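Participant: this one's structure only:
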């Protein structure tokens with residue numbers, strides 16, 4: 001089967017944070033590409049016993065962006081974090097997708113305002129403050145892992161493949 005969503009990996013090499021953030025953006029884009037051209041039913045369709053679906057992955061990742069960048073790194077109070085992969089029936093897909101884009105943009109702004117990759121989280125993680133470097137690596141890993149799930153789900157929905 002021919003790949004229909006394949007893209008070039010980032011070639012950014014302008015410094016540690018530039019490179020790391022480029023790969024995080026690439027993983028975020030991979031998630032969004034998997035949703036393109038699908039309707040509400042397809043985005044919510046559960047094709048595995050756990051009930052995981054594309055829209056649920058997106059909702060979960062928006063929450064993870066806020067958890068790691070806004071709460072843990074920036075120490076922002078009152079940030080709403082929804083990590084569930086179950087999207088309420090009354091929440092439209094466009095809202096979930098827009099929320100994910102907004103969460104990524106907010107994370108980018110937080111990273112851009114930081115004092116470089118050695119800047120420390122406001123909150124401790126496992127008993128110590130971590131660096132922005134760690135937060136970016138953790139979020140990239142989380143997003144890439146779920147992008148792999150999204151690859152399989154999209155292929156099962158309509159045969160579309162690629163990264």
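Facilitator: Received, thanks. Not measured: the values here are computed from a predicted model. Numbering: from 1, shown residues only.
Participant: Just say helix, strand or coil for residue 14.
Facilitator: Counting by DSSP: H, G, I helix; E, B strand; the rest coil, the backbone at residue 14 sits in coil.
Participant: likewise residue 124?
Facilitator: strand.
Participant: The one 5 residues further on now?
Facilitator: With three-state DSSP as the basis, the three-state label of residue 129 is strand.
Participant: which strands and helices sit next to the lengthiest helix in the chain?
Facilitator: Taking DSSP state H as the criterion, the chain has its longest helix at helix 132-158. Judged by 3 or more Cβ pairs under 8 Å, 6 or more residues apart in numbering; DSSP states H and E, helix 132-158 is in contact with helix 16-35, helix 54-65, helix 93-113, strand 120-125. All C-beta spots, glycine's among them, are computed from the backbone N, C-alpha and C.
Participant: ok, residue 142 - contacts?
Facilitator: By Cβ atoms under 8 Å, 6 or more residues apart in numbering, the contact list for residue 142 reads 61, 64.
Participant: cool, and residue 60?
Facilitator: Counted by Cβ under 8 Å, 6+ apart, residue 60 has contacts 82, 83, 84, 85, 146.
Participant: which among those residues end up buried?
Facilitator: Neighbour-count burial (16 or more other Cβ atoms under 10 Å) applied to those gives 82, 85, 146.
Participant: Same list, those, but as JSON lines with pLDDT and distance to residue 28 please.
Facilitator: Output for these, formatted as JSON lines (pLDDT from 0 to 100; distance: Cβ to Cβ, whole Å):
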{"residue": "82", "pLDDT": "94", "distance to residue 28": "17"}
{"residue": "85", "pLDDT": "96", "distance to residue 28": "17"}
{"residue": "146", "pLDDT": "97", "distance to residue 28": "10"}
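Participant: what would those residues look like in JSON lines with distance to residue 41?
Facilitator: Formatted as JSON lines, those follow (distance: Cβ to Cβ, whole Å):
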{"residue": "82", "distance to residue 41": "22"}
{"residue": "85", "distance to residue 41": "17"}
{"residue": "146", "distance to residue 41": "21"}
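Participant: related to what we said a few turns ago, identify whichever of the helices and strands packed on helix 132-158 lies nearest to residue 74.
Facilitator: helix 93-113 (5.0 Å; Cβ to Cβ).
Participant: who's in contact with the closest one?
Facilitator: 17, 21, 25, 28, 31-32, 35, 40, 43-44, 55, 58-59, 61-63, 65-66, 68-70, 73-74, 87, 132, 136, 139.
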